[in-house]
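Asker: fold the stuff below for me.
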Amino acid sequence: MVGAAGYAALRQRGRGEAAVPSLASPLGDASDDLIFEEADELFRVHVWRSRSRAWLFAASRSFTSSEVRYVPATDPAGAWRTVLEREKDHEYDVDHGVGPGDGVFYIRTNGQGRRNFRLVRTPVADPRPEHWTELIAHREDVMIEDVDVFAATTSPRSVTTGSLACA
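Answerer: Predicted structure coming up:
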């Protein structure tokens, strides 16, 4: 369940299909509107709400690639936009934080061969890579496992030679 606004999270509906009921439909109504269909059987669809609760995200993920779409949580039936198109051997995760305008997205990314990931920030209005600001650089000896986004800060979790460390 994403919220009490009369809609549910993306859910599997047949092989590779995912749907979210429209705002006008009661939960569980058979007239669910299809908002996304993943054609590649190597990818699975996941959905979550940003920690700020302002955005819904839907990601297509395989073992080595990802593609994330987003829409305001107040308008789940609206047009979903893509953060970054799917690229071979590029995984990324997204969350939302406070900033100018609609805020900023924090992206944990292993693009351009950076296998241990780095952390970047980008405006929600235009999240293309040319607008990314690096916050934590990639390091060969440290894997950024995850990032928690809070109102005024982020808290990355990393692993250094097998032990858990906070950066």
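Asker: can you give me the strands in the chain?
Answerer: 11-12, 17-20, 33-37, 44-49, 55-61, 66-72, 81-82, 92-97, 104-109, 118-123, 133-136, 142-149, 154-160, 163-166 (DSSP state E).
Asker: lowest average confidence across those, which one?
Answerer: Mean pLDDT across those is lowest at strand 11-12; the value there is a mean of 42.
Asker: bridge partners for residue 96, pull those for me.
Answerer: Listed by DSSP bridges, the beta-bridge partners for residue 96 are residue 105.
Asker: sorry, back to before: now the strands of the chain in TSV, with mean neighbour count?
Answerer: Yep, even glycine has a C-beta here, placed from its N, CA and C like the rest. Output for the strands of the chain, formatted as TSV (neighbours: other Cβ atoms under 10 Å):
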stretch	mean neighbour count
strand 11-12	12
strand 17-20	20
strand 33-37	15
strand 44-49	17
strand 55-61	22
strand 66-72	19
strand 81-82	12
strand 92-97	22
strand 104-109	23
strand 118-123	20
strand 133-136	13
strand 142-149	17
strand 154-160	16
strand 163-166	9
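Asker: distance of residue 150 from residue 83?
Answerer: Noted for residue 150: a distance of 20 Å to residue 83, by Cβ to Cβ, to the nearest Å.
Asker: hmm, I was thinking of residue 52
Answerer: According to Cβ to Cβ, residue 52 stands 15 Å off from residue 83.
Asker: neighbour count winner among those two?
Answerer: residue 83 (21 against 15; other Cβ atoms under 10 Å).
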